[in-house]
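# my questions concern the predicted model and sequence given below.
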Amino acid sequence: MPDRPTFVLVHGAFASSFSFAPLQAELALHGHRSVAVDLPGHGFAATYPASYQAPQDLARLAAEPGGIQGVTLADNAARVIEALERARRNGPTVLVGHSRGGATITAVGNQRPDLIDRIVYVSAWCPVELAVGDYYAEPEMADVDLAAFAPAVAGNPAELGLLRTNFRTADPDVLAAFRHAFAADLTDDEFRVFLNLFQPDENLDAGTSADRAQAATWGRIPRTYVRLAADASLPPAAQDRMIREADALTPDNPFDVRTLEGSHLRWLVHPGPAAAVLASLAEV
């Protein structure tokens, strides 16, 4: 139906369009179009070094180049803008970002608010007062232990020009850290399936203070924040802080706030409740 929006879905770090397949199936059963965007260097454009396969060669993995090197937040935004321009030919659009994808959709909203009828953050970064990286030093992120993932980092990010993570590690402590941060409420099999959907490389550019939400452009787009109540990687306190900051930026256009139970990844593995929330936004 031409008056129904197309949902444009933007993934987070180390992810790809593949992770949205169950959600897209649910949205289709609600009668909605959707397109999941692969950001540059993601999906079938990702690099999976031979040394990442079994048996792994960790020394080579730490040194092999990756195609995502040099990709920037601006590149990500340009990819999404291209998708929105095409989707817009069919009617309204709802732009949805998850996790680090929030930085990308914020950049898109700053540049092209005319392409977006509603912008939706699902436990996603919405930088308002600080750059994304600076929030990690704030009290709301105090319980997020990035050091627990350090043994899985392959190579020197500054030398590689990208962040490479060995999601195929057998280190039980690192696997437990991944599980706690992203998927504490999934079964062991569900957790391992999603872990194998992650790609090893991510770009280094999550934006600077210049990429924070801008009132004059981003701030005029109707917006929704879907809180994930048991998210340990972007805790509810951090989600709520960004909601408050955004509402203070444009008090006449506050977030419509919804809450789903579950971890950072549960809504993608069991997408029924999230699809229902998104479908309801099509009627707003």
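Thanks, I have the structure now.
# all helices for the stretch 151-284 of the chain, in order.
According to DSSP state H, counting those that start in this stretch, the stretch 151-284 of the chain carries its helices in the segments 157-160, 172-182, 188-197, 236-249, 266-269, 272-281.
# pretty sure Gly109 sits against Arg220.
No. Using Cβ atoms under 8 Å, Gly109 is not in contact with Arg220; the gap is 9.1 Å. In this view, the C-beta of every residue, glycine as well, is placed from N, C-alpha and C.
# rewinding a little: single out the most deeply packed of the helices of the stretch 151-284 of the chain.
helix 266-269 (a mean of 22; mean count of other Cβ atoms under 10 Å).
# who does it touch, helix- and strand-wise?
helix 21-29, helix 188-197, strand 223-228, helix 272-281 (3 or more Cβ pairs under 8 Å, 6 or more residues apart in numbering; DSSP states H and E).
# recalculate using a threshold of 7 Å.
On a contact count with 3 or more Cβ pairs under 7 Å, 6 or more residues apart in numbering; DSSP states H and E, helix 266-269 meets helix 21-29.
# what residues sit buried inside the helix it packs on?
Pro22, Leu23, Gln24, Glu26, Leu27 (16 or more other Cβ atoms under 10 Å).
# could you identify the helix or strand that succeeds it?
strand 33-37 (DSSP states H and E).
# which residues are contacting that following strand?
4, 6-10, 17, 20, 24, 27, 79-80, 83, 87, 90 (Cβ atoms under 7 Å, 6 or more residues apart in numbering).
# how about a cut-off of 6 Å?
Thr6, Phe7, Val8, Leu9, Val10, Ser17, Phe20, Gln24, Leu27, Val80, Ala83 (Cβ atoms under 6 Å, 6 or more residues apart in numbering).
# also stretch 87-98?
Contacts of stretch 87-98 (Cβ under 6 Å, 6+ apart): 2, 5-10, 12, 84, 105, 115-122, 124.
# ok, the residue nearest to Gln214 when sequence neighbours are not counted - contacts?
Distance criterion Cβ to Cβ, 6 or more residues apart in numbering; nearest residue to Gln214, sequence neighbours excluded, is Asn110 at 4.8 Å. Taking Cβ under 6 Å, 6+ apart, we find Asn110 in contact with Gln214, Thr217, Trp218.
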